[in-house]
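Novice: structural data only, the sequence is not supplied:
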C-alpha cells in the first residue's frame, strides 16, 4: 500500500523568509510525486510534479521541490514567502508500477501561514 | 482553456435523503475522477473512469454511492440514502488518457460541499 506523511499540520513563516513544507512517502517501486495547493472554498490547484530525471523540480508561483530517494522525501520549498502563499498544501504519490493501478494517495495536508 | 466544472457548489440535505453531483471535465480529458475530502483529511479517490468505463471503484461504498459517465464526458455521482458521515467536499478531477507507465496531471474542479443533517 502507498502512503504519504505530512508531519506538520501547520507551518508559520514570515513574509520574505524561505519556507519548507515537508512530505515523506511510501510506495512500491518508483514514485510519481505531486504537490497541490488548496485555497478556501476552492479545488486543488496543481503546483508541480516529479516523474523522473532531475531531483529538483520547479513549479508554479516560484515553488520548487526536491526529490530525495534515500530519505523517501519530496519537500516543497520557496526561497521567499508571500502572504498570498497562505493556503493548504497537499503532497500526493502514486507508484510507477502499473500493476498497482494509478490511484493518487494524498497526505492530510499542511496549512501554511505567511505573516507580515 | 475552461477548467473542470462542478455543480452544485453547496448542498444541505437531511440524512436518508438522496443527492446528486455533476461534473464536466476539461475538454479532451478522457479520464475522470471523483474524490471525497472529509474536513481535515486529504482527498480520497472514490471512482475513476477512462472514457465511459470504470477503472477503479474499490473505495466507493457501493451500497449507497453510484456514479456514471454514460457518454464519456460528463459524470454524475449519487448518494442514496445519505448518512451523516457523508458530509464532505466532493471533488471531481480530470486528466488526459492514462497509459501504463505514464502519469498525467489531474486537474481539479472547485468541489461540491455537502452537509448532511
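Specialist: On my side now, so go ahead. Just so it is clear, the structure is predicted and the values come from calculations on it, not from any experiment. Numbering: from 1, shown residues only, chains lettered A, B, ... in the order given.
Novice: name the residues of stretch A:12-32 that are buried.
Specialist: Using 16 or more other CB atoms under 10 Å in any protein chain shown as the burial criterion, the residues of stretch A:12-32 that qualify are A:13, A:19, A:21, A:22, A:23, A:24, A:25, A:27, A:31, A:32. Backbone N, C-alpha and C define where each C-beta goes, glycine included.
Novice: correction: the previous question concerned stretch B:92-112.
Specialist: Applying 16+ other CB under 10 Å to stretch B:92-112 flags B:92-95, B:98, B:103-104, B:106-112 as buried.
Novice: okay, and which of the residues you listed map to helices?
Specialist: If you go by DSSP state H, the buried residues of stretch B:92-112 have nothing in helices.
Novice: and the two most separated of these?
Specialist: Farthest pair in the buried residues of stretch B:92-112 (CB to CB) is B:103 and B:112. Separation: 26.2 Å.
Novice: just checking, what packs against the lowest-mean-pLDDT helix or strand in chain B?
Specialist: Scoring the helices and strands of chain B by mean pLDDT, DSSP states H and E places strand B:53-56 at the bottom, with a mean of 90. With contacts taken as 3 or more CB pairs under 8 Å, 6 or more residues apart in numbering or on different chains; DSSP states H and E, strand B:53-56 sits against strand B:44-50.
Novice: and the strand it packs on, what other elements does it pack with?
Specialist: strand B:31-37, strand B:53-56, strand B:65-68, strand B:75-79.
Novice: who does the first one pair with, and is each partner parallel or antiparallel?
Specialist: Strand pairing for strand B:31-37, determined by DSSP bridges: strand B:44-50 (antiparallel), strand B:88-95 (antiparallel).
Novice: mean confidence for the shortest one?
Specialist: By that I understand strand B:44-50. Per-residue pLDDT over strand B:44-50 has a mean of 93.
Novice: show the contacting residues for the residue of chain A found nearest chain B.
Specialist: Closest contact between chain A and chain B, by CB to the nearest CB, is at residue A:106 (3.1 Å). Shown in contact with residue A:106 (CB atoms under 8 Å, 6 or more residues apart in numbering or on different chains): A:4, A:36, A:90, A:91, A:92, B:42, B:43, B:44.
Novice: on that earlier part again, now the two most distant members of the buried residues of stretch A:12-32.
Specialist: Applying CB to CB across the buried residues of stretch A:12-32, the maximum distance is between A:13 and A:27, 28.8 Å.
Novice: what pairs with the helix or strand harbouring residue A:89, parallel or antiparallel?
Specialist: Residue A:89 is part of strand A:87-95 when elements are defined by DSSP states H and E. Sheet pairing of strand A:87-95 (DSSP bridges) gives strand A:31-38 (antiparallel), strand A:105-106 (antiparallel), strand A:110-115 (antiparallel).
Novice: I would like the residues contacting the last one, please.
Specialist: By CB under 8 Å, 6+ apart, the residues outside strand A:110-115 that reach it are A:6, A:8-15, A:19, A:21-22, A:81-90.
Novice: may I see the buried residues of stretch B:35-42?
Specialist: Within stretch B:35-42, the residues that count as buried by 16+ other CB under 10 Å are B:35, B:36, B:37, B:42.
Novice: go on, stretch B:4-20?
Specialist: Of all the residues in stretch B:4-20, those buried under the rule 16+ other CB under 10 Å are B:4, B:6, B:11, B:13, B:19.
Novice: ok, the closest residue to the fourth one other than its chain neighbours to chain A distance?
Specialist: If I follow you right, that is residue B:13. What sits nearest to residue B:13 in space, not counting adjacent residues and going by CB to CB, 6 or more residues apart in numbering or on different chains, is residue B:19, at 5.3 Å. Applying CB to the nearest CB, to the nearest Å, the value for residue B:19 to chain A is 19 Å.
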